[in-house]
Structures are given as structure tokens and as C-alpha cells.
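Novice: Sequence isn't available, so here's the structure alone:
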């Protein structure tokens, strides 16, 4: 079997609703060799069965940081791509073009701009502001959301992976810790399409407020290692709006 260029790692917990869509969009990719690793946190639904049916390798997970670390530990690719289960690749050459851009620009860690799975004007505005913000502050404060992080495996290993003690925004801490050894960028080839289920579940104002406060906390005090923002990983088995 040819060694994959890219290892796609997806932490999961009760993701039978949206995981099939992501895996179908991954399996439709052309022009690049890859493997898919699902790090599952003992889901109570059909998540593991779905992952296996779509050709993914399933390993033991945990909270997102631990799941990503477990997936990376068995990954064979020289580039890792961390995705969340509620995203979707918008074109069948998404991986080919984003990885080509990643290599062409000699990046070590990168993310994509985000596009909501929603026609709601407020959702589009929120994501537009977020995309503008991460590009503007990138030179000073790196943001690489866990729903889409490209990183070279040697960089992941050099920083010791994700800090599993962090309760929220472990992804941004991860990106920040690469500053001294890695070149960072925001890829332009394609956006990553992201579910708005957290907006639907918790309310748009609540989610935006939480992340603004989270950002302020990280700037002023550092990583969030207590559950002050009541983060919940995974979703109950019900249909979610896309």
C-alpha cells in the first residue's frame, strides 16, 4: 500500500448525524493519497460503524485534544489534517488544491477560512468577521480552529501535540506553540464548510459572547485549564440543521 501523503484525523463523540456527509466528501477527493483516522470517544450511537463502513481506521479517542493526539500517534502521512465531524469539503479537489498551496507557500501549519452551512445572514456575518479577524491578528496571535488544521507531522511532534489539560481553545494554544518553529498561513484555495449546529443549540449571541470572553481570557491569563465556559463535546442523537 502506498504511504499516504496526508493523514486526516477526526475526533468524534455521537456523530452519526453529520459524520457520513464528511466522510463521503473525503472519499470523493481526487489527485492525492490520504488515510482517514477517526478517534472516537466511546460513542453511544453508530459513529464507529459509520466510520468503518466508509473505510476509516478507528482508534480510541477522548476529548478533542486527546483524540487528535491519539490519531496523530498512528498517522502515516507527513502532513496531518485535523477536521471536526461537522464540516464538509466543498469540492472533490479540495485536498489536492489546499495541500498544493500549503506546500507551495512552504507552510508548516495552516487553516482555511470558514463558510457556514447556512443561508442565515447573521451566520454569514459572524463567520465573515471571524475570517477577517484570524487573518488580521495572525502575525501576533495564531488561530487555527480544530475543525480545520493542516500541520506537518514533525511540527506536531516537536511541540508535543495538543495540551490535553486545556478545556477550551486547545486548538489556538496548539497553533500559538508553533510560533518559534513553524510558518503559519490561512489557505485561500477553498473555504471549509462548517455546521452551525452550535449556534442552533446554544444560541448565536451566547456562542459569540462565549468566544469573545474566551479570547480575552487567553490573551490576559493564558490557556483555559478549568471548565469555566462549560464546554460540551459531542451531540445527542438528533437531526441538526445544516
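Specialist: Great, that's in hand. Note that the structure is predicted; figures quoted are calculated from it, not measured.
Novice: In contact with the residue most central in space within the chain, which residues?
Specialist: By Cα atoms, centre = their mean, the mean C-alpha position of the chain lies nearest to residue 147, the distance being 2.0 Å. Contact partners of residue 147, counting by Cβ atoms under 8 Å, 6 or more residues apart in numbering, are 83-84, 86-87, 114, 192, 194. Where you see a C-beta, it was placed from the backbone N, CA and C, and this is true even at glycine.
Novice: Among those residues, which are located in strands?
Specialist: Secondary-structure check on the contacts of residue 147 using DSSP state E: residues within strands are 83, 87, 114, 192, 194.
Novice: pLDDT value on the closest residue to residue 36 other than its chain neighbours, please?
Specialist: Closest residue to residue 36 in three dimensions, ignoring its sequence neighbours and counting by Cβ to Cβ, 6 or more residues apart in numbering: residue 56, at 4.1 Å. The predicted local distance difference test score for residue 56 is 98.
Novice: quick one: residue 56 and residue 38 touch, right?
Specialist: Yes. Under the criterion of Cβ atoms under 8 Å, residue 56 is in contact with residue 38, at a separation of 4.6 Å.
Novice: Tell me which of these two has more neighbours.
Specialist: residue 38 (28 against 23; other Cβ atoms under 10 Å).
Novice: What lies in contact with the host helix or strand of that one?
Specialist: Here residue 38 sits within strand 34-40, counting by DSSP states H and E. Residues from elsewhere that reach strand 34-40, judged by Cβ under 8 Å, 6+ apart: 4-13, 19, 23, 26, 47-48, 51, 54-62, 66-68, 70-71, 74-77, 81, 95.
Novice: What pairs with that strand, parallel or antiparallel?
Specialist: strand 6-12 (parallel), strand 57-60 (parallel) (DSSP bridges).
Novice: Only the buried residues of it, if you could.
Specialist: Burial within strand 34-40, assessed by neighbour count using 16 or more other Cβ atoms under 10 Å, is assigned to 34-40.
Novice: tell me which of those residues is nearest to residue 100?
Specialist: residue 34 (13.5 Å; Cβ to Cβ).
Novice: Pull the number of nearby residues for residue 117.
Specialist: Neighbours of residue 117 under the rule other Cβ under 10 Å: 18.
Novice: How much space separates it from residue 96?
Specialist: 22 Å (Cβ to Cβ, to the nearest Å).
Novice: buried residues in the following helix or strand past the strand holding residue 38?
Specialist: Sequence order places helix 47-53 as the next helix or strand after strand 34-40, per DSSP H and E. For helix 47-53, the buried set under the neighbour-count rule, 16+ other Cβ under 10 Å, comprises 47-48, 50-51.
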